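Asks: here's a sequence, model it:
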Amino acid sequence: MQDTLLIREVRMDWDRIAQDSYLRRIPALCGRSTLAFHKAVTFFAGENGSGKSTLLEAIAVAAGFNPEGGTRNYHFSTYDSHSALWNAVRLVRGVRPLQWGYFLRAESFYNVATQEEAYSREQGGRPQHFHKRSHGESFLALMQDTFRGEGLYILDEPEAALSPQRQLTLLMEMDRCRRAGAQFLIATHSPVLLGLPDAEILSFDQGSIQPIAYEETESYRVTSMFIAHREQLLRQILDA
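Replies: The predicted structure is shown next:
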């Protein structure tokens, strides 16, 4: 499987990171030299601040994507907030060339949607009207319009804009694309998305990056606990 992936491995050269950089204080990342991918879909899971979005962003920028999102042809910036980690990242590619892809992050989706509408007018293509839909509807519509087989899709917390039902729709779209040769790298807290069969889940907790089973993720454990013991749990945390 690894030979068929668009990105097989990430290598990080920490000599290219300043000694006083905050990146050196992220336990899961600091000192990590390589990270290999083995599946068409890889999830980055972990607590807020564990480094999963930081690494995902660095991979996207190193692959040629605009830091705020979009395709590799997008060139716009509303706020320069990406870290210097991409400077230390080298991607080991598979035998297939990267011809298409998309970097999509929930926090800057408004800016990407604005650019999608502007580019569609400039290029004389089919007009896009993402801002005339709800956030979730436009988010899902963009993915359905742009995702296809053979592409690389890097998604940062896509569930932020989607209801549980729409997350299932996204899961179906991901499965359709991976069967056609696409590769996904996704940072997520969603127990729905993490449940995609035959995906690899990498945990950024406990100060390292390690593969874990779906049932071992905090997203699954907390959600299961809440559903099974809601009243007891709420009494415990609210009456404390």
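Asks: who's in contact with the nearest residue to residue 31 once chain neighbours are set aside?
Replies: Take residue 31 and drop its neighbours on the chain: the residue closest to it by CB to CB, 6 or more residues apart in numbering is residue 14, 6.5 Å away. Heads up, the C-betas are built off the backbone N, CA and C, glycines and all. By CB atoms under 8 Å, 6 or more residues apart in numbering, the contact list for residue 14 reads 24, 30, 31, 33, 88.
Asks: confidence score at residue 14?
Replies: As predicted, residue 14 sits at a pLDDT of 93.
Asks: for the one 10 residues further on, same thing?
Replies: Confidence at residue 24, expressed as pLDDT, is 92.
Asks: how many neighbouring residues does it have?
Replies: Per other CB atoms under 10 Å, the neighbour tally for residue 24 reads 14.
Asks: for the nearest residue to it once chain neighbours are set aside, grab phi and psi.
Replies: Among residues not flanking residue 24 along the chain, residue 30 sits closest, at 5.1 Å (CB to CB, 6+ apart). Per-residue torsions, residue 30: phi -60, psi 120 (degrees, to the nearest 10).
Asks: from residue 104, how far off is residue 30?
Replies: 27 Å (CB to CB, to the nearest Å).
Asks: quick one, which of these two is more surrounded?
Replies: Neighbours per residue (other CB under 10 Å) separate residue 30 from residue 104, with residue 104 holding more: 24 against 15.
Asks: and the helix or strand where the more buried one lies, what other elements does it pack with?
Replies: Using DSSP states H and E, residue 104 sits in strand 101-105. On a contact count with 3 or more CB pairs under 8 Å, 6 or more residues apart in numbering; DSSP states H and E, strand 101-105 meets helix 52-62, helix 135-146, strand 152-156.
Asks: select, out of those, the one closest to residue 209.
Replies: Among the helices and strands packed on strand 101-105, the nearest to residue 209 by CB to CB is helix 52-62 (8.3 Å).
Asks: farthest pair in the contacts of residue 14?
Replies: Spatially, the most separated pair among those is 24 and 33, at 13.7 Å (CB to CB).
Asks: buried ones in the longest helix seen in the chain?
Replies: Secondary structure of the chain per DSSP state H: the longest helix is helix 164-179. For helix 164-179, burial by neighbour count (16 or more other CB atoms under 10 Å) applies to 166, 167, 170, 171, 173, 174, 175, 177, 178.
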